[in-house]
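J.: Just the structure for this:
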Amino acid sequence: MNVTTESDTLETQQSGATESAEKEESWTSFGLFLLKLLLAVLIFRSFIFSPFSIPSESMMPRLWNGDYLLAAKWPYGFSKHSLPFSAPLIPGRLLAGQPERGDVVIFKHPIDETDYIKRVIALPGDTVGVIGGEIVLNGEIVPREEIGDFEIPVSINTSCAWGAEATEDAEGNSVCKYRQFRETLPNGRSYNVLDFGLTRADGFAPVMVPEGRMFVMGDNRDNSKDSRFRAASGGGVGLVPQDLLVAEATIIMWSTDGSAEWIKPWTWFTAARWDRLGETL
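T.: Residues are numbered from 1 along each chain as shown. Here you go, the predicted model:
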């Protein structure tokens, strides 16, 4: 016959209380860990690097629809736009820095505050215009030379725009072919641009960029709503206030042609554009 004494009951209660306290302490520690992790991620995304995706073809040939970037948050300073949802916790722009001509920058649209990505062409004090598709910067035509055609595979993320030639590569794959030029700014920065021929946007009367603004263009010149167009929601951006700067595009960390399906894990790999991963901008 088992006999339960008062001492046994007390020990059982103490043991149960100890286990309960240990579980409570364990959950508290786990909660603190998650809080610290969330804070670390928030600081990293707000002030160091943040991911951005490319949803259009306005920056081809350098950036393709389906590219995912890491962008540096510190080069141009910090503002409310550095924070998630543009939380109004930072007054003005702290540690403000001005971009250089040729930088690929991410900024908030002046009207609807969506993220845009373009290349900086002109800065405060510069006079900039476009004649026959060529940039005129401070009275001088920005030199450019035609180079080999740019080809991009046809995919869910990429179709041939009106200025492209639909053709096939050496392996018989469908590709879009565009005329490509190498453009060089006065500071020596060079990059490739696409040009479909003369369009309405190839003529832009010279303007002087005022203090605190910047003139930006897409590398896909005839498929980009940029500073050549007045600011309008979902469209042009006009002369962009530098206070709307968010980050500088730095590296392609992932790229997909859009054919991946969540229920087919192997397509996550077959859809990847492996040769684009790790490219710096």
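J.: how's this protein carved up into domains?
T.: If you go by automatic domain parsing, the domain ranges for the chain are 9-47, 49-276.
J.: Tell me which of these is the most buried.
T.: Of all the domains of the chain, domain 49-276 has the most neighbours on average by mean count of other Cβ atoms under 10 Å, namely a mean of 17. No exception for glycine: its C-beta is placed from N, CA and C like everyone else's.
J.: still on that earlier bit, redo the domains of the chain as CSV? Include mean pLDDT.
T.: Output for the domains of the chain, formatted as CSV (pLDDT from 0 to 100):
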stretch, mean pLDDT
domain 9-47, 72
domain 49-276, 94
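J.: What residues does the residue nearest to Asp222 when sequence neighbours are not counted make contact with?
T.: Nearest residue to Asp222 in three dimensions, chain neighbours excluded: Phe196, at 4.2 Å (Cβ to Cβ, 6 or more residues apart in numbering). Residues near Phe196 by Cβ atoms under 8 Å, 6 or more residues apart in numbering: Ala161, Trp162, Gly163, Ala164, Tyr178, Arg179, Arg221, Asp222, Asn223.
J.: if I look at the third one, how far off is Glu279?
T.: If I follow you right, that is Gly163. 24 Å (Cβ to Cβ, to the nearest Å).
J.: again, but for the last one
T.: If you measure Asn223 against Glu279 using Cβ to Cβ, the figure is 21 Å.
J.: How about the second one?
T.: Distance, Trp162 to Glu279, using Cβ to Cβ: 27 Å.
J.: Repeat that for the first one.
T.: Using Cβ to Cβ, one gets 22 Å for the distance from Ala161 to Glu279.
J.: Okay, and the beta partners of Leu245?
T.: On the basis of DSSP bridges, Leu245 is bridged to Phe107.
J.: That one touches Tyr76, doesn't it?
T.: Yes - Leu245 is within contact range of Tyr76, at 4.3 Å (criterion: Cβ atoms under 8 Å).
J.: any common contacting residues for the two?
T.: Common neighbours of Leu245 and Tyr76, counting by Cβ under 8 Å, 6+ apart, are Arg93, Pro99, Val105.
J.: Who are the contact partners of the first one?
T.: It refers to Arg93. Here Arg93 is in contact with Tyr76, Gly77, Phe78, Ser79, Gln242, Asp243, Leu245 (Cβ under 8 Å, 6+ apart).
J.: Out of these, give me the two with the largest separation.
T.: The span of the contacts of Arg93, defined through Cβ to Cβ, is set by Phe78 and Gln242 at 12.9 Å.
J.: ok, what's across the strand from Leu194?
T.: For Leu194, the beta-bridge partners under DSSP bridges are Gln180, Asn220.
J.: And the helices in the stretch 151-281 of the chain?
T.: 267-270 (DSSP state H, counting those that start in this stretch).
J.: quick one: the strands in it?
T.: Along the stretch 151-281 of the chain, counting by DSSP state E, counting those that start in this stretch, strands occupy 165-168, 174-184, 190-194, 204-208, 213-217, 240-241, 245-255.
J.: Report all helices and strands that the last one contacts.
T.: In this case it means strand 245-255. For strand 245-255, the elements it packs on are strand 49-53, strand 67-72, strand 104-108, judged by 3 or more Cβ pairs under 8 Å, 6 or more residues apart in numbering; DSSP states H and E.
J.: nearest residue to Pro268 other than its sequence neighbours?
T.: I think there's a mix-up here, since residue 268 is Trp and not Pro. Trp268 sits nearest to Ala260 (Cβ to Cβ, 6+ apart), 5.0 Å away.
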